[in-house]
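In: Give me a model of this one.
(2 chains)
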Amino acid sequence: MRLGSYEVKLEKKVKVTALQATIISLLAILIGLALVGLIFLQAGVNPLTGFRAIFAYGFANPFGLPLTINRSVFILLCTCAFIVPMKAGVWNIGTAGQLYGGALGTFGVALALGARESQTPSLSPVLVIVLMMLGAILGGALIGAIPGFLKGRFNTNEIVVTMMLNSIGYWLIAFMIKEGGAFMGGGGEGTGFKLSESVFGPTVWGQTFTIPIALGVAVLLYFLFAKSTLGYQIRAFGLSPSAAKYAGIDPQNVPLVVFIIGGMIAGLAGYHYFAAVPGLYKIPTNYGDFGDLSFYGIICGLISQGNPLAAIPFALLFGGLTNGGRFVQGQLHLGYGIDYALLGILMITLVAFQFFYRNTIVWEKMEREA
Amino acid sequence: MLEFVARSLNASTVFTIAALGELIGQRSGILNVGIEGVMLFGATVGFIVAKTTGSYVLGCLAAMAIGGLIAALHGFFSITLGGDQVVNGMGIWIMGFGLTSYIGYPYTGPLGLERIPGVLGISPFFFLALALVVLTWWMFSSTSLGLRIRSAGENPSVTEVSGINVTRTRYLSVVVSGMLMGLGGGIYSLSYNPVWSINFLLGWGFIALALVFFSMWNPFILLAGSVLFGTLWQLSLNPQLVLPDIMSRYLWRTVPFIMTIGVLVIMSTKWFSSRFGAAKPEALGQSYEKE
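Out: Numbering: from 1, shown residues only, chains lettered A, B, ... in the order given. Sure thing, here's the model as predicted:
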């Protein structure tokens, strides 16, 4: 294509440097936010006022910041749950279903060990907490194993299967907490039972202990992919399943393993929000909102290009944006769901920007024709 | 009982029309896993237009228009920019989910129009769906346009060499495909379930996607599958019609989703694909770049 005296060409990128990837990702977010600014304009709010309010509440407000951190931890875990299968070239859009599985595991253990509100657990509370976390991991892993097994064994489309399991998980929780279900809470309509105070997730300086756990998961994954044999096998499979086969990697096992790991991490995300975030300690009526929030993990995983450490700042950013967005829509009388609009716009901008991870635009000054 | 049959057929109408759209796109080689997002756009915009203008016709047209537009965006990412079609589709789905939640929220609640009259409770859209199934089958089996679309999805470079513009053919298919998905969504929100709430499509788009794989890209099998799943969905809402008091109504709601997984698994076994699997468009999901 010609523009003035320049020839503009596209060239395929062979490799994207970390710096380039960061710049592209940040540009994508900036453009996405600019588009959200249009929504503010349409609603009669100055975009600068809107964003200032979002960031002020999300990152600099003594009430807002802890909520942001809780959301960010959740998003980070969902991102990790998305990244592990992504590295193997399979798509885990089932973090919602897996975190529901984690929630069921958590509260199943709590119920079995007598850790309902106003009960005294039959074991030491520390042990109950550990077992609840294991229950969450197991619950998430079980839901995650289904698409993984089917993908490895029959090459069944994992997107449809994980999406179906999101709906199945949603109704399973409804079955457990509503209309006489085993996890139904006393009094309140349609919420799960509250945990006994002794097994609330421990807090340090008022912050939940799942923060360091989530960061640990991200670091662990980073080393898994950078240093370990399993990480190498997953990456090799992601690049070319058939070539990986000749390198001695069992092509049936990789999808199963990555989905189980992803499911375990998503299960922990369920534990985090329903059993460790201060103030909740039960499965609330609006548990579906947390399934929706988990989709930020997809955006965050794509934008960090599958790097779990790079995902940390993005998870923090999205946690703050959604939290601040929720807050300002009341304060500035915006329509409901500005955080949903943000989700949609960021996602599509990011997809558009995938192009720049693959191509470079080259400008060449043309020689004047004689 | 008659009412149950009619409701089931009305539900299957939504699956049929949306899945036909996906089928046409896939035949040209473009996989859109974001069908749920396109349908959400069609359902929400169609609902808003019908509610504000009081006209079903305008509602349906708006649903088709937005569907075509959103699918064209997916086409732009997949055909022109040549990105990973699965990633693009996920983007379309999440965009649809996020934006329609925001746009539709002020319109939460019933449509408030007089229902479209039907025959014995069967909506006129069902007959439209039947006609579209026959038309699509005829187009693919007997017209040169159908042949062009199919060859673009089987072997784009050979198609291009034989003088057919693959890019244009794929864009055409994708836009028509999106109009049908949007219409499917519109029929859901204007006829089948005329009450708007956030994400009220509940995964129907993903079931429709599975139905296309299940159909082996044959419109008549697609219709049969849609009727099966429409009935199953209706049954999961009213389990007392067959098996009273066996399971909680919440567990019944999981049945269509479990069945979808089951069907997909059967489809993907070696036994099945070695017998019936040849119908899959060879270049499905692959971007094509002119040499």
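In: Tell me how far residue A:239 lies from residue A:117.
Out: Distance, residue A:239 to residue A:117, by Cβ to Cβ, to the nearest Å: 50 Å. Every residue, glycine included, has its C-beta placed from N, CA and C.
In: Tell me the spatial nearest neighbour of the residue of the stretch 51-200 of chain B found nearest chain A, not counting adjacent residues.
Out: Taking Cβ to the nearest Cβ as the measure, the stretch 51-200 of chain B has residue B:98 as its residue closest to chain A, at 2.4 Å. Leaving aside its sequence neighbours, residue B:98 sits nearest to residue A:344 (Cβ to Cβ, 6 or more residues apart in numbering or on different chains; 2.4 Å).
In: ditto for residue A:269
Out: That would be residue A:77: by Cβ to Cβ, 6+ apart, it lies 3.8 Å from residue A:269.
In: quick one: contacts for residue 49?
Out: In the absence of a named chain, chain A is used. A:40, A:332 (Cβ atoms under 8 Å, 6 or more residues apart in numbering or on different chains).
In: wait, chain B
Out: B:55, B:58, B:59, B:61, B:62, B:63.
In: again, only this time at 7 Å
Out: Contacts for residue B:49 (Cβ atoms under 7 Å, 6 or more residues apart in numbering or on different chains) come out as B:58, B:59, B:62.
In: Ramachandran angles for it?
Out: With angles defined as degrees, to the nearest 10, residue B:49 sits at phi -60, psi -40.
In: again, but for residue A:363
Out: Torsion angles, degrees, to the nearest 10, at residue A:363: phi -110, psi 130.
In: List the beta-bridge partners for it.
Out: In this structure, residue A:363 bridges to residue A:8 when assessed by DSSP bridges.
In: What ranges does the chain have for its strands?
Out: In the absence of a named chain, this looks at chain A. Secondary structure of chain A (DSSP state E): strands located at A:2-3, A:6-12, A:203-204, A:207-208, A:359-365.
In: wrong one, chain B
Out: Under DSSP E, chain B gives strands at B:109-110, B:195-196.
In: Give me whichever of the ones you listed is most buried.
Out: Greatest average neighbour count among these goes to strand B:195-196 (a mean of 16), per mean count of other Cβ atoms under 10 Å in any protein chain shown.
In: what residues does that one touch?
Out: Strand B:195-196 is touched from outside by B:44, B:47, B:104, B:107, B:108, B:109, B:110, B:189, with contacts defined as Cβ under 7 Å, 6+ apart.
In: List the strands paired with it, with their directions.
Out: Partners of strand B:195-196, by DSSP bridges, with direction: strand B:109-110 (antiparallel).
In: next one: the partner strand to chain centre, how far?
Out: Strand B:109-110 sits 23 Å away from the centroid of its parent chain (Cα atoms, centre = their mean, to the nearest Å).
In: And for stretch A:91-102?
Out: So, by Cα atoms, centre = their mean, the centroid of stretch A:91-102 is 9 Å from its chain's centroid.
In: Report how many residues lie close to the closest residue to residue A:219 other than its chain neighbours.
Out: Using Cβ to Cβ, 6+ apart and skipping the chain neighbours, the partner closest in space to residue A:219 is residue A:309 (7.0 Å). As a burial measure, residue A:309 scores 14 neighbours (other Cβ atoms under 10 Å in any protein chain shown).
In: before we move on, the earlier item: now the contacts of strand B:195-196 in TSV, with pLDDT?
Out: Formatted as TSV, the contacts of strand B:195-196 follow (pLDDT from 0 to 100):
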residue	pLDDT
B:44	97
B:47	97
B:104	94
B:107	94
B:108	94
B:109	94
B:110	95
B:189	96
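In: and the residues you listed, which two are the farthest apart?
Out: Greatest spatial distance among these (Cβ to Cβ): B:44 and B:110, at 14.5 Å.
In: so what's whichever residue of chain A sits closest to chain B up against?
Out: Of all residues in chain A, residue A:344 sits closest to chain B, at 2.4 Å by Cβ to the nearest Cβ. The contact partners of residue A:344, by Cβ under 7 Å, 6+ apart, come to B:94, B:95, B:97, B:98, B:99.
In: same thing but at 10 Å, please
Out: A:32, A:35-36, A:295, A:299, A:337, B:37, B:40, B:91-103 (Cβ atoms under 10 Å, 6 or more residues apart in numbering or on different chains).
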